[in-house]
Structure formats: C-alpha cells, structure tokens
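**Q** give me coordinates for this.
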Amino acid sequence: MSAFSPFSKEELIPQTEMLEIKKQKGQLFIGLPKETLFEEKRICLTPDAVSALTSQGHRIVIQSSAGDGSNYSDSEYSEAGAKISYNTKEVFNCNIILKVAPPTLDEIALMTPQSVLISSLQLKTQSKKYFEALIEKRITAVAFDYIKDEHGVYPVLKSLSEIAGTASILIASELMSNINKGNGLLLGNIGGVPPTDVVILGAGSVGEFAARSALGLGARVKVFDNSITRLRKLQQSLHTPIYTSTIQPKTVAKSLRRCDIAIGSIRGKDRSPVIVSEDVVRTMKDGAVIVDVSIDRGGCFETSKITSHSKPTFKKHGVIHYCVPNIPSRYSRTASFAISNLFTPYLLDIAESGGFENAARFDKSLRNGMYFYRGVLINKTVATWFDLPFRDINLLLL
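**A** Numbering: from 1, shown residues only. Below is the predicted model:
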C-alpha cells in the first residue's frame, strides 16, 4: 500500500451494504368499551371486523353488551375471537381504545398511560379538564372526525353524512303521516297525485344523499347552496335535471312556503348560519316537516332547538321540527358497519407498520386526525380554543 494512498487497507475491502431493516409486524391489543353517552348506540367494530383482526393474531377485549345497541350480541363477538369482559377497567387497560363518543373523565382515569385513543373529538362539547386529563396520562389521541385522506375528504364524516342525508328523508316521510299528526301526504309519485315538494338547504354530502333519496321516491326537489361548485357537482352526481340555486332570501322563502319537507344541512366553521327566520317558518304549511341535520352546530332554522331520539319532535307555528343532533345513531347497525369498514384498514396498517408511531409517520391521513401525541397537544385549533401549549407533530415524529 502506497504511503500516499488516501484510503486505509480496511476501507478498500468491500463492505456489507446496509439495507433498511424491515418493520416488524406488531400485535394490537384493542379495547372496545360500552358507550355511555346518552342514546349513543353505535360501536366501532362489527363482529366481522373483529374476526378479520383476530385472525391476524390481534387481541380484542369487548365490554359485555357493548354491541347491544347495534344488535350485535356478545356471542357473535366471542365467536369472532374477542374476549368478552364484564370489567370496565380491563377494557380500558388495552393499548388501543376504540370509542364512538369521546371518553368521560372517569373513563380517561381508567386508561393505561401512553395508550392510544381513537374516537370522535366533538370539540364544542369538551372542557379544558378533558384535555388536561389526556396530557396527564400521556395519551396519543386520534379524532376520527378529523381524519382526512389524500383527496382532502374526511372519510368517516362523509360516510356518516351520507347516512344522515338518506335518513332525513325517511324520517320526514314518517312524520308526514297522520299517525304522527303530519299533513297525511305520502312521499312518493303516485299517478294522478301531485308529488311532494322538498327543499334542501346545503349541497354537501348530507344534501346530496337527501336529494338522491327524495328523487328516488318521486318528490320534486329544490337545492340551495352558496357554492356554485357544490351545486354543479350535485347536478353531475345525480345524473338528472334538478332545481338548484344560490341562497337568495326571497327565493328561499317562496320555496319554503310551498314545500312539504325542508332539510337543513348547511354547516359553518363555528356555527351553522341561520338561513331561515322564524317569520319565514310561520308562513310554511301546517303539517310541513323541518329536519335540521345541522342542529349539532346550532341549526340553520331560527326555530330549531335540540331534541333527542326519545323525544325527537316538537311543533312550532304548525310546522313539525325534528332536531336530533345524532341521526346516524338512529340507524346504529348501518352506522357501525360504516365506521367499522373505515377503522379496520387503519388498524391493519398500524399493525403492518410495527405500531402506531410508524404508521403515523408514513400515513398523512392518520396524522391529520391526531390531536395528542404522547400527551403533547399537536392540534392548533384545540390549543387556541383552550389556551394550551402546542407543538408541531412533524417535529415530534422525526
């Protein structure tokens, strides 16, 4: 070897190439507690989804009777490979907790430190204590209503909105019957009988599926929205001519005076804008039906006020109002199926990636839904709303 050689003898010997080590598949330990929120009947995983996960070697603990609200029995889950537990604490001791509604403070107290929580966030109903409890337990939390895919779509919200839109027409149809003290009209196109008139405020997912259902039953439909893009997209997706218009007060008021059903599905950033005043509601037909799907954000009818599944309606100025904020829970089995179909691929991906942290590092949609990472608040909206310290998730996952 020349004394002038810039390389040592060892450096000239062929070296072994260092390849990336394959991520080791992880085993998930999932807990499904029974929902305790008033009239919440949904569950995050169906027995078929549980079977798909347990067949891959994952462990699932379900609280006894957690599936009753969606008509899934303990025996169905047991046959799918889940462990049925009568101990609430045992369920919350799992590493991953799946819930539809956010956990209560008492439920957070039962959770194991540094576990993963996947549920809805329902920001408007939360208090600062809720977030402080998650910080104390160093919880990694994902809001499924914040998960946004690569197309900019919120898949869970979209699926539940489709259910709410379809359900709004079915509910209105029931309320128009004489049994429910409606005007006795049938929502259908019967020969020789004028069709019913339906007005839909909002051309998003709820409005689209409400229009689709109403048209399928033979109704005359008018849709109002201030987004020309949404209105155009709605016309294209329905594949049929339909009356659409921007929201002009006189035109909306005239349409509402003549309609039999009005669906409110306009959502704002913080609160739904009030599109219909009480004076306009007063001019509507006796026995007409309002279904305000946007009531969870305040509603877009001035006369709307929150009702429940057990007492879903009230009458004002002769108009029947249905203002239940959680319509999908009325069809809990369908809603559970929709949520489960969206959750299962994420859970399998988390396992394939070797754990939640790796999955979040490479899956932007999952990262979009995170609002806590190991007790560190990473959602700027929540931080601003409750005056809490905020960190950028991209710096924490380096």
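**Q** contacts and neighbour counts: CA atoms only from here.
**A** Fine.
**Q** domains of this protein?
**A** 23-146+331-396, 162-325 (automatic domain parsing).
**Q** what mean pLDDT does the first one have?
**A** Read it as domain 23-146+331-396. In this model, domain 23-146+331-396 has an average pLDDT of 90.
**Q** swap in the shortest one?
**A** Confidence over domain 162-325 (mean pLDDT, whole number) is 92.
**Q** can I get the domains of the chain in a markdown table with distance to residue 155 and mean neighbour count?
**A** Listed next are the domains of the chain as a markdown table, based on distance: least, CA to CA, whole Å; neighbours: other CA atoms under 10 Å:
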| stretch | distance to residue 155 | mean neighbour count |
| --- | --- | --- |
| domain 23-146+331-396 | 8 | 19 |
| domain 162-325 | 11 | 19 |
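**Q** quick one: closest of these to residue 153.
**A** Nearest to residue 153, of all those, is domain 23-146+331-396, at 9.6 Å by CA to CA.
**Q** one step back: any chance of the domains of the chain in CSV, with distance to residue 154 too?
**A** Putting the domains of the chain into CSV (distance: least, CA to CA, whole Å) gives the following:
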stretch, distance to residue 154
domain 23-146+331-396, 7
domain 162-325, 11
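**Q** between those, which gets nearest to residue 156?
**A** Evaluated with CA to CA, those place domain 23-146+331-396 nearest to residue 156, the distance being 6.1 Å.
**Q** residue 383 is in contact with residue 376, isn't it?
**A** No - at 10.5 Å, residue 383 does not count as touching residue 376 under the criterion of CA atoms under 8 Å.
**Q** what's the overlap in contacts for these two?
**A** By CA atoms under 8 Å, 6 or more residues apart in numbering, residue 383 and residue 376 have these common neighbours: residue 390.
**Q** what's the end-to-end length of stretch 30-46?
**A** 13 Å (CA to CA, to the nearest Å).
**Q** quick one: the residue nearest the centre of the chain and residue 120, what's the gap?
**A** In the chain, the C-alpha nearest the mean C-alpha coordinate belongs to residue 157, at 3.7 Å (CA atoms, centre = their mean). Here the criterion is CA to CA. By it, residue 157 lies 10 Å from residue 120.
**Q** shared neighbours of those two, anything?
**A** What both residue 157 and residue 120 touch, as defined by CA under 8 Å, 6+ apart, is the set residue 145.
**Q** distance between stretch 186-199 and the chain's centre?
**A** Between the centre of stretch 186-199 and the centre of its chain there are 32 Å (CA atoms, centre = their mean, to the nearest Å).
**Q** err, stretch 114-123, not the other one
**A** With CA atoms, centre = their mean as the basis, stretch 114-123 stands 13 Å off its chain's centre.
**Q** residues in contact with it?
**A** The contact list for stretch 114-123, computed with CA under 8 Å, 6+ apart, reads 94-102, 137-145, 374-375, 382.
**Q** just the helices in the stretch 101-250 of the chain please.
**A** Along the stretch 101-250 of the chain, the segments classed as helices by DSSP state H, counting those that start in this stretch run 105-110, 128-136, 155-175, 205-216, 228-238, 249-258.
**Q** which of those helices sits closest to residue 89?
**A** Closest among the helices of the stretch 101-250 of the chain, using CA to CA: helix 105-110, at 5.8 Å.
**Q** what packs against the closest one?
**A** Secondary-structure packing of helix 105-110 (3 or more CA pairs under 8 Å, 6 or more residues apart in numbering; DSSP states H and E): helix 88-92, helix 128-136.
**Q** okay if I get the ones you listed as JSON lines plus distance to residue 29?
**A** JSON lines is the format used below for the helices and strands packed on helix 105-110 (distance: least, CA to CA, whole Å):
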{"stretch": "helix 88-92", "distance to residue 29": "10"}
{"stretch": "helix 128-136", "distance to residue 29": "20"}
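**Q** of all these, which one comes closest to residue 333?
**A** Among the helices and strands packed on helix 105-110, the nearest to residue 333 by CA to CA is helix 88-92 (21.9 Å).
**Q** tell me the helix or strand right after the closest one.
**A** The helix or strand immediately downstream of helix 88-92 is strand 96-98, counting by DSSP states H and E.
**Q** partner strands of that next one, with direction?
**A** Strand 96-98 has its sheet partners listed here by DSSP bridges as strand 29-32 (parallel), strand 116-119 (parallel).
**Q** that one: how far from the chain's middle?
**A** Strand 96-98 has its average C-alpha position 16 Å from the chain's average C-alpha position, going by CA atoms, centre = their mean.
**Q** do stretch 211-227 as well
**A** On CA atoms, centre = their mean, the centre of stretch 211-227 falls 23 Å from that of its chain.
**Q** what is the end-to-end distance of that stretch?
**A** 16 Å.
**Q** ditto for stretch 306-323
**A** End-to-end distance of stretch 306-323: 5 Å, with CA to CA as the criterion.
**Q** hmm, back to that, closest to residue 82 out of the strands paired with strand 96-98?
**A** That would be, of the strands paired with strand 96-98 and by CA to CA, strand 29-32, which comes in at 9.6 Å.
**Q** for stretch 54-61, list the C-alpha coordinates in CSV.
**A** Extracted in CSV, the C-alpha atoms of stretch 54-61 (Å, rounded to 0.1, in the frame of the first residue of the first chain):
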residue,chain,number,x,y,z
THR,A,54,-58.2,-11.7,15.5
SER,A,55,-57.3,-14.0,12.5
GLN,A,56,-54.2,-11.8,12.1
GLY,A,57,-53.2,-12.6,15.7
HIS,A,58,-54.5,-9.4,17.3
ARG,A,59,-56.2,-9.4,20.7
ILE,A,60,-59.6,-7.6,21.3
VAL,A,61,-61.4,-7.2,24.5
